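[1] I'll drop the sequence and a predicted model, then ask my questions.
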Amino acid sequence: MAGSNRQIAVILTPRGCNSRMILRGIGRYQQPNPVRPIELHTETDAAVKAALDGEPAGILACVRSPDQAALFGDVPVPVVSIGPHPLGLPYVGHDDHAIGRIAAEHFLERSFTSFLALIASGDERCDAFSQTVAEHSHTCTTIRACGTEPNNYAVVHSDSERAIADQLASLPKPLAVFATKDTAGLLALRLCRQLGLKLPDEVAVLGVHDDPVMCELGRPPLSSVRTSSQQIGLEGMALLERMIAGEPAPTGPILLPPRGIATRTSTDVFAVEDPGVLEALEVIQKRAGEVTDVGDILRVVPVSRRALERKFKALLGRTIAEEIRRVHLERAKWMLIETDAGISEIAERCGFSHGNRMANVFRETLGMSPTDYRRSLRESDSHHATSSCSNTLTAESGD
């Protein structure tokens with residue numbers, strides 16, 4: 001490979017979970033066949049100059065503004081941007097539209113009708129959230145939660161806090177809050193506690209990036225969209241290596257979809273008031289591996305089948321059987337991604353009668369088998385196993 005003895009310059013400040021996971025992906029790319037060293041620089045204009053002075057083979061950079069993008073305009077080596085916006089450069093990043101949509105679907109499945117979006121980064125996430133809510137005849141209030149200057153995304157201003165608190169207090173309850181970063185989600189939880197709002201019964205909060213340390217520190221623990229940050233590091237390095245080898249840059253951005261939602265206490269609620277429906281929903285959620293049909297629900301919930309079916313359809317827009325299947329499917333998807341359990345074991349633990357039944361549900365719903373679903377979300381990890389990059393990371397910035 002041309003220039004294989006020259007280093008890759010990575011311009012990325014590891015300030016949060018997203019950037020740290022991107023770095024982990026870069027590190028994983030290096031491991032199989034280390035031949036090219038990595039140099040890590042902070043996200044400053046001086047770092048760009050330092051990176052170029054080192055005559056790298058290529059640059060992988062987090063580019064946050066048009067001014068920063070302009071610094072790479074005349075760079076004589078391949079450059080790949082890894083966030084948060086393409087800005088005219090070859091780009092690997094989050095599919096913000098898919099993040100916003102999956103967040104909205106999470107709340108809609110729980111029958112919420114009142115919505116608030118806190119924009120901490122990625123306006124497209126908020127736009128997609130609002131659009132998905134609107135498709136179900138609801139409206140969403142939006143408010144900017146953080147500063148917009150390039151190096152100040154996580155700073156929340158006092159006037160912003162007051163505006164958010166006003167919306168949390170005044171919007172109809174139960175209220176679904178989508179925060180486009182986990183930091184903004186934790187802010188929403190804190191403001192709700194200060195206002196005396198019940199979490200999650202009056203206000204449910206969902207963040208983005210699923211930083212396990214931050215999310216578990218929330219009171220209550222914060223649910224969060226699981227993004228593909230590690231895969232951004234892997235795919236970014238793979239693209240950069242191909243461009244170094246002479247492959248032309250892609251014609252459009254490479255966007256990686258979210259990997260699901262980590263549901264914790266902050267959204268572990270259904271926005272329904274009917275006690276029979278609520279009890280049935282709790283049984284389906286908490287006993288997913290035991291509940292296989294409507295009869296299992298009726299043995300626990302003292303309501304006639306006809307009445308309960310009618311209420312489910314009126315309040316949730318789906319039947320009891322459809323809700324059971326939805327929960328089984330979501331649990332199975334999570335296990336396929338997060339565990340190495342076999343198909344038969346997953347089917348049994350997620351309430352399917354057998355592996356073939358689970359396979360049929362996957363094909364009917366997702367158009368692929370459970371095995372193909374697992375492979376599709378893991379392939380970006382595995383297909384880099386023959387990649388070549390350095391196992392040496394020279395850090396020039398602190399965490």
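    Looks like it came in fine.
[2] Could you tell me how far the longest helix along the chain lies from the centre of the chain?
    In the chain, ranked by residue count with DSSP state H as the criterion, the top helix is helix 320-338. Taking C-alpha atoms, centre = their mean, to the nearest Å, one finds helix 320-338 lying 18 Å from the centre of the chain it belongs to.
[3] check contacts around the closest residue to Gly100 other than its chain neighbours.
    Leaving aside its sequence neighbours, Gly100 sits nearest to Ala128 (C-beta to C-beta, 6 or more residues apart in numbering; 2.9 Å). No exception for glycine: its C-beta is placed from N, CA and C like everyone else's. Counting by C-beta atoms under 8 Å, 6 or more residues apart in numbering, Ala128 touches Asp96, His97, Ala98, Ile99, Gly100, Arg101, Ala104.
[4] What residues of the helix or strand harbouring Ala128 count as buried?
    Taking DSSP states H and E as the criterion, the element that holds Ala128 is helix 123-134. Residues of helix 123-134 classed as buried: Asp123, Glu124, Arg125, Cys126, Asp127, Ala128, Phe129, Ser130, Thr132, Val133 (neighbour count, 16 or more other C-beta atoms under 10 Å).
[5] Next, the angle helix 320-338 makes with the one helix or strand Val277 maps to.
    Secondary structure assigned from DSSP H and E places Val277 in helix 275-286. On the basis of axes from the mean of the first three to the mean of the last three C-alpha atoms, to 10 degrees, helix 275-286 is oriented at 30 degrees to helix 320-338.
[6] Can you tell me what sits against helix 275-286?
    Residues outside helix 275-286 that contact it (C-beta under 8 Å, 6+ apart) are 268, 270, 272, 291, 296-297, 300-303, 307-308, 311-312, 315-316, 320, 323-324, 327.
[7] tell me the average confidence for it?
    Taken as a whole, helix 275-286 carries a mean pLDDT of 88.
[8] can you give me how far it is from the chain middle?
    On the basis of C-alpha atoms, centre = their mean, the separation between the geometric centre of helix 275-286 and that of its chain is 27 Å.
[9] Please apply the same query to stretch 45-53.
    In terms of C-alpha atoms, centre = their mean, the centre of stretch 45-53 is set 31 Å apart from its chain centre.
[10] what's next to that stretch, contact-wise?
    Outside of stretch 45-53, the residues within contact range by C-beta under 8 Å, 6+ apart are Ala9, Ile11, Glu39, His41, Ile59, Ala61, Gln68, Leu71, Phe72, Val75, Glu396.
[11] swap in stretch 13-24?
    Residues from elsewhere that reach stretch 13-24, judged by C-beta under 8 Å, 6+ apart: 10, 12, 40, 42-43, 62, 82-83, 154, 182-183, 209-211, 213-214, 227, 229-230, 232-233, 236, 397, 399.
[12] Any of those buried? List them.
    Of the contacts of stretch 13-24, these count as buried by 16+ other C-beta under 10 Å: 10, 12, 40, 42-43, 62, 82-83, 154, 182-183, 209-211, 214, 227, 229-230, 232-233, 236.
[13] Return the subset of those residues lying in helices.
    When these are checked against helices (DSSP H), the matches are Asp182, Thr183, Met214, Ser229, Gln230, Ile232, Gly233, Gly236.
[14] Kindly provide the distance from the third one to Leu87.
    Read that as Met214. In this structure, Met214 and Leu87 are 27 Å apart, going by C-beta to C-beta, to the nearest Å.
[15] Check the gap between His203 and Gly73 for me.
    Careful, residue 203 is Val and not His. 46 Å.
[16] ok, these two, which is more surrounded?
    Set side by side, Val203 and Gly73 give different neighbour counts by other C-beta atoms under 10 Å, the larger being at Val203 (25 against 9).
[17] gap between that one and Val269?
    For Val203, the distance to Val269 under the criterion C-beta to C-beta works out to 10 Å.
[18] try Ala50
    Using C-beta to C-beta, which is the criterion applied here, Ala50 is 50 Å from Val269.
[19] what do you get for Leu186?
    In this view, Leu186 and Val269 are 18 Å apart by C-beta to C-beta.
[20] thinking Ala163 is in contact with Ile143, fair?
    Yes - Ala163 is in contact with Ile143 according to C-beta atoms under 8 Å; the separation is 5.8 Å.
[21] what's the neighbour count on Leu222?
    Other residues within reach of Leu222, judged by other C-beta under 10 Å, total 27.
[22] Pull up the per-residue confidence for Met1.
    As summarised for this prediction, Met1 has a pLDDT of 40.
[23] swap in Val75?
    86.
[24] got any ranges where this structure has weak pLDDT?
    Of all residues in the chain, those with pLDDT under 70 make up the ranges 1-5, 32-35, 122, 146-158, 378-399.
[25] try it again with 50
    Low-confidence segments of the chain, defined by pLDDT under 50, are located at 1-3, 147-156, 380-399.
[26] re earlier: give me the sheet partners of whichever helix or strand comes after the helix holding Ala128 and which way each runs.
    The first helix or strand that comes after helix 123-134 along the chain, using DSSP H and E, is strand 140-144. Strand 140-144 has the following sheet partners, assigned by DSSP bridges: strand 115-119 (parallel).
[27] Centre of the chain to the partner strand, how far?
    Its chain's C-alpha centre and that of strand 115-119 lie 16 Å apart, by C-alpha atoms, centre = their mean.
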